[in-house]
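Colleague: Compute the structure for the input listed below.
(2 chains)
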Amino acid sequence: MLDARYVRENVETVRNALQKRGYEFPLAEFLAIDGKRISLLKETEELRNRRNTVSEEIGKLKRQHADASSQLAEMKEVSDRLKELDEKLRDLEAETKTFLLTIPNIPHESVPVGRDEQENKEIRRWGTPRQFDFEPLNHWDIAEPLDIVDFDRAAKIAGARFALMKGMGARLERALMNFMLDTHVTKGYREIFPPIMVNRDSMIGTGQLPKFEMELFRIADPEFYLIPTAEVPVTNIFRDEILREEDLPIYYTAYTPCFRREAGSYGKDTRGLIRQHQFNKVELVKFVSPEDSYEELEKLISDAEEILRRLDLPYRVITLCTGDMGFSSAKTYDIEVWLPGQNRYREISSCSNFEDFQSRRAGIRFKREGKKGTEFVHTLNGSGLAIGRTLVAILENYQQKDGSVVIPEVLRPYAGTDRIK
RNA sequence: GGAGAGGUGGCCGAGUGGUCGAAGGCAGCCGCCUGCUAAGCGGUUGUGGGGGUAAUACCCCACCCAGGGUUCGAAUCCCUGCCUCUCCGCCA
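Modeller: Numbering: from 1, shown residues only, chains lettered A, B, ... in the order given. The predicted structure follows:
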């Protein structure tokens, strides 16, 4: 969420910045609502002031058993008027809030301007795609003969876009999760295992709601949402709290299942493990001082890359352009892993700096030693990594001519074997 | 699922509808004092919004789980929701 006052005082800057991401900011509408709200606020505050003063007088008079009927009459009127204004004010405040909640974040100045993924900028590559002396297969053509993934039965049990992992498939899923968590913990991230169903406020806090209801699974009766990423519960750990300066930075890592509706992606990645309604992911989340957040973003992406480097999987890093960034992000790097079966790089991690966009929504503040007032922390997060897609990358990059798959060196202690056959 | 108790400032905890942003204690900070990181004394210590200032100061409004309501006036009364705890039942 953007700061209402900042928007009010920097209308043009805000509008130009949002235009870069293809978002037309309804400027006049906002200023109208906001202006009305402010003037109404002043009016009600004056009335309340009057009410407080006179009520106090009435109290005094009553204690002296004096007559207060004229004051009482006036107050009756003031009170009625206040009730009216309060109602209007409440509506306007709700309207302003909703308005602000649906405005995306302002891109950082270092973000390339562009319309869509065509204009993302590659910034580095790591590793060399392996030369195959045979035609490399898609991961599902590797997995199904090995009987480690069963899509047909998953469809019977649940439906399309679900997978049933079996034997070494299941084991590899677990091995990756442990390997990733262990690696991050060594680097100073604290391990978290959060709730994977959350309330509405949490979803608003990180920016999934109110705008993207369509992308979430919701449980109806007691109302809960299934998390689309651990970012949601982990970032909301400090919702409505004030941290101390010395608490920062805070690094968390969490493994969770993630659930996404994938509405609007019909026809995309219909086969295989790439796009599922349920998938596993290890996430990295940071709470940092504003002045450090861009440096922290570089460290974050590097910690995510570390997983791929240790698995010896070739990848590249790209900066998302203004038109391709997520709603809440000020700057996002994607890591794309090389998939020989598709002969292209595919997203496996997304690392973003949200600056104070999420912390303002969620009320995550901190207090500087010796300074008055509070500031919003900056929040960041990134996948470290998407487990299903990492498994895909391993199958495709480590496949052998005989249909077996070699297990990457670092994973062998976790997997209990050096080869799936 | 059934029965009951409760949600107050960083923590503990009091609060008769008006003088309560809220007693008291602890912790913290600043002084004083005491020759040694103990005790004592005095002061001070929340958040958000609006106004004001060069910046402080200062003024106003709101906040005692949340949202409604009653009242001239609500931390205090009423309703709803959320959360916590205890007992019984059930259960991984």
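
Colleague: ok and the residue in chain A nearest RNA strand B?
Modeller: Of the residues in chain A, the one nearest RNA strand B is A:Met75, at a distance of 3.0 Å by C-beta to the nearest atom of the strand. Any C-beta I mention is one placed from the backbone N, CA and C, and that applies to glycine too.

Colleague: ok, now which ones touch the nearest residue to that residue once chain neighbours are set aside?
Modeller: If the residues on either side of it in the chain are set aside, A:Met75 comes closest to A:Val54, at 5.6 Å by C-beta to C-beta, 6 or more residues apart in numbering. Counting by C-beta atoms under 8 Å, 6 or more residues apart in numbering, A:Val54 makes contact with A:Gln71, A:Glu74, A:Met75, A:Val78.

Colleague: Which ChimeraX command selects the buried ones in those?
Modeller: Of these, the buried ones can be selected in ChimeraX as follows, counting by 16 or more other C-beta atoms under 10 Å:
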select /A:75,78
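
Colleague: In the stretch 101-250 of chain A, what residue spans correspond to helices?
Modeller: A:139-146, A:151-157, A:168-186, A:200-206, A:231-235 (DSSP state H, counting those that start in this stretch).

Colleague: Can I get these in CSV including mean pLDDT?
Modeller: Formatted as CSV, the helices of the stretch 101-250 of chain A follow (pLDDT from 0 to 100):
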stretch, mean pLDDT
helix A:139-146, 95
helix A:151-157, 95
helix A:168-186, 97
helix A:200-206, 91
helix A:231-235, 95
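
Colleague: Just put these in CSV and tack on distance to A:Asp67.
Modeller: Shown next, in CSV, are the helices of the stretch 101-250 of chain A (distance: least, C-beta to C-beta, whole Å):
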stretch, distance to A:Asp67
helix A:139-146, 88
helix A:151-157, 79
helix A:168-186, 74
helix A:200-206, 50
helix A:231-235, 59
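
Colleague: I'd like the domain boundaries of chain A, if you could list them.
Modeller: A:4-101, A:117-420 (automatic domain parsing).

Colleague: Now find how far off-centre the longest one is within its chain.
Modeller: The gap between the average C-alpha position of domain A:117-420 and the chain average comes to 11 Å, counting by C-alpha atoms, centre = their mean, to the nearest Å.

Colleague: cool, the shortest one as well?
Modeller: Using C-alpha atoms, centre = their mean, we find the averaged C-alpha position of domain A:4-101 to lie 32 Å away from the chain's own average C-alpha position.

Colleague: Pull out the C-alpha coordinates of stretch A:106-121 and format them as CSV.
Modeller: Provided in CSV are the C-alpha atoms of stretch A:106-121 (Å, rounded to 0.1, in the frame of the first residue of the first chain):
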residue,chain,number,x,y,z
ILE,A,106,6.0,1.9,-7.3
PRO,A,107,8.9,0.4,-9.2
HIS,A,108,12.5,1.1,-8.1
GLU,A,109,14.4,3.4,-10.4
SER,A,110,16.8,0.7,-11.3
VAL,A,111,14.0,-1.5,-12.8
PRO,A,112,14.0,-1.6,-16.6
VAL,A,113,10.9,0.0,-18.2
GLY,A,114,9.0,-2.4,-20.4
ARG,A,115,5.6,-3.9,-21.2
ASP,A,116,5.9,-7.6,-20.6
GLU,A,117,8.4,-10.5,-20.2
GLN,A,118,9.9,-9.7,-23.6
GLU,A,119,11.6,-6.7,-22.1
ASN,A,120,13.0,-8.4,-19.0
LYS,A,121,16.8,-8.0,-18.8
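
Colleague: how about that stretch: buried residues?
Modeller: Neighbour-count burial for stretch A:106-121 [16+ other C-beta under 10 Å]: A:Ile106, A:Pro107, A:His108, A:Val111, A:Pro112, A:Gly114, A:Asn120.

Colleague: And the closest residue to A:Asp356 other than its chain neighbours, its phi and psi?
Modeller: Spatial nearest neighbour of A:Asp356, excluding adjacent residues (C-beta to C-beta, 6+ apart): A:Phe376 at 3.9 Å. Here is the backbone geometry of A:Phe376 (degrees, to the nearest 10): phi -80, psi 140.

Colleague: Contacts only, for A:Phe376.
Modeller: A:Phe376 neighbours (C-beta under 8 Å, 6+ apart): A:Pro290, A:Asp356, A:Ser359, A:Arg360, A:Ile364, A:Arg365, A:Phe366.

Colleague: which among those residues end up buried?
Modeller: A:Asp356, A:Ser359, A:Arg360, A:Ile364, A:Arg365, A:Phe366.

Colleague: Widest-spaced pair of the residues you listed?
Modeller: A:Arg360 and A:Phe366 (12.8 Å; C-beta to C-beta).

Colleague: hang on, the earlier thing: from the domains of chain A, which stretch is densest packed?
Modeller: Comparing the domains of chain A by mean neighbour count (mean count of other C-beta atoms under 10 Å), domain A:117-420 comes out on top with a mean of 19.
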